[in-house]
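>>> next one to model:
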Amino acid sequence: MLFIIQVGENNIKEFRAHSIVLRARSPYFKTSHSVNWITRENNMFIFNKLNVTPIVYEMILKYIYTGELDPIR
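Numbering: from 1, shown residues only. Have a look, this model is predicted:
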C-alpha cells in the first residue's frame, strides 16, 4: 500500500513510500499505523507532518530505504 507523507509548513511537499518498508524499518511508522496519526483514502495512507522540513524527511526516507546518511553540509 502506498504511503504519502506531506511535510513543510508553507510549501508542502509530498513523498511517496511503500507502507511495508516504512513499517518494517521504523518503529515510528509502525506505530503510526496503529494510532490515529494517519488518514486512509482509497489504497493510500496519508501522513501529515507539516512541522518538519522536506529536507529532513528526505534524509529520513533515504536512511529507511538504504541504511545510509549523507554527511551534513
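
>>> show me what the longest helix along the chain packs onto, helices and strands only.
In the chain, assigned by DSSP state H, the helix with the most residues is helix 54-66. With contacts taken as 3 or more Cβ pairs under 8 Å, 6 or more residues apart in numbering; DSSP states H and E, helix 54-66 sits against strand 2-7, strand 13-18, helix 19-25. Where C-beta positions appear, they are placed from N, C-alpha and C, glycine not excepted.

>>> among the ones you listed, which is the most enclosed?
Mean neighbour count (mean count of other Cβ atoms under 10 Å) peaks for strand 2-7 among the helices and strands packed on helix 54-66, with a mean of 19.

>>> helices and strands around that strand, which ones?
Helices and strands touching strand 2-7, by 3+ Cβ pairs under 8 Å, 6+ apart, are strand 13-18, helix 19-25, strand 44-49, helix 54-66.

>>> on that earlier part again, Thr39 is nearest to which of the helices and strands packed on helix 54-66?
Nearest of the helices and strands packed on helix 54-66 to Thr39, taken as Cβ to Cβ: strand 2-7 at 9.5 Å.

>>> what residues does stretch 36-45 touch?
With contact meaning Cβ atoms under 8 Å, 6 or more residues apart in numbering, stretch 36-45 is reached by 1-4, 19, 31-33, 46-48.

>>> ok, the residues you listed vs Tyr63, which is closest?
In terms of Cβ to Cβ, no member of the contacts of stretch 36-45 lies closer to Tyr63 than Phe3, at 15.6 Å.

>>> any regions of the protein where pLDDT drops low?
Where the chain drops to pLDDT under 70, the residues are 33, 35, 73.

>>> that older thread, and the helices and strands packed on helix 54-66: which comes nearest Pro54?
Closest of the helices and strands packed on helix 54-66 to Pro54 is strand 13-18, at 4.1 Å (criterion: Cβ to Cβ).

>>> for the closest one, name the packing helices and strands.
Helices and strands touching strand 13-18, by 3+ Cβ pairs under 8 Å, 6+ apart, are strand 2-7, helix 54-66.

>>> dump these into JSON lines; add distance to Ile38 as well.
Listed next are these as JSON lines, based on distance: least, Cβ to Cβ, whole Å:
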{"stretch": "strand 2-7", "distance to Ile38": "8"}
{"stretch": "helix 54-66", "distance to Ile38": "15"}
